[in-house]
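> Below is the structure, and that's it, no one-letter string:
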């Protein structure tokens with residue numbers, strides 16, 4: 001049977017992806033701690049359903065719209081929210097089949113370019129502004 005091996009491999013990829021978001025870039029300790037807190041918050045339930053992921057990402061996008069402006073604290077909050085959205089994008093790719101993933105993107109109004117941008121924010125994880 002391929003079940004236990006497939007499950008083990010999937011869990012390994014999930015762990016690698018979660019850790020990658022936090023440690024791919026060397027973060028200052030306070031940012032790394034904050035990022036790990038975000039990652040840990042999402043680990044309590046392993047596999048999310050379509051409806052759970054739709055609700056999570058919908059809420060994330062609503063919250064992101066409320067975090068606008070150029071104040072440093074606002075830019076930082078927006079950056080952290082985009083990282084969280086990226087983590088949820090990775091989770092959706094892992095937990096959903098291709099048809100459900102396509103449907104989710106359509107419902108959320110996110111095209112492939114924006115989807116990849118959020119995932120990149122998750123991986124970057126280090127500086128909110130780029131220029132400083």
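Good, I have the coordinates. Predicted, not measured: the structure shown is a model, and the values here were computed from it. Numbers count the residues shown, from 1 in each chain.
> Count the neighbours of residue 102 for me.
The number of residues packed near residue 102 is 12, by other C-beta atoms under 10 Å. Any C-beta I mention is one placed from the backbone N, CA and C, and that applies to glycine too.
> any low-confidence regions in the protein?
1-46, 126-132 (pLDDT under 70).
> What ranges does it have for its helices?
All helices of the chain, identified by DSSP state H, fall at 3-23, 29-41, 50-66, 72-95, 98-108, 112-124.
> for the third one, which positions count as buried?
For helix 50-66, the neighbour count (16 or more other C-beta atoms under 10 Å) marks 50, 53, 54, 56, 57, 60, 61, 64 as buried.
> wait, the second one sits on residue 88?
Looking back up the chat, that one is residue 53. Yes: with contact defined as C-beta atoms under 8 Å, residue 53 counts as touching residue 88 (6.7 Å).
> With adjacent residues omitted, what lies nearest to residue 112?
Beyond its immediate neighbours in the sequence, the residue positioned closest to residue 112 (C-beta to C-beta, 6 or more residues apart in numbering) is residue 105, lying 7.4 Å away.
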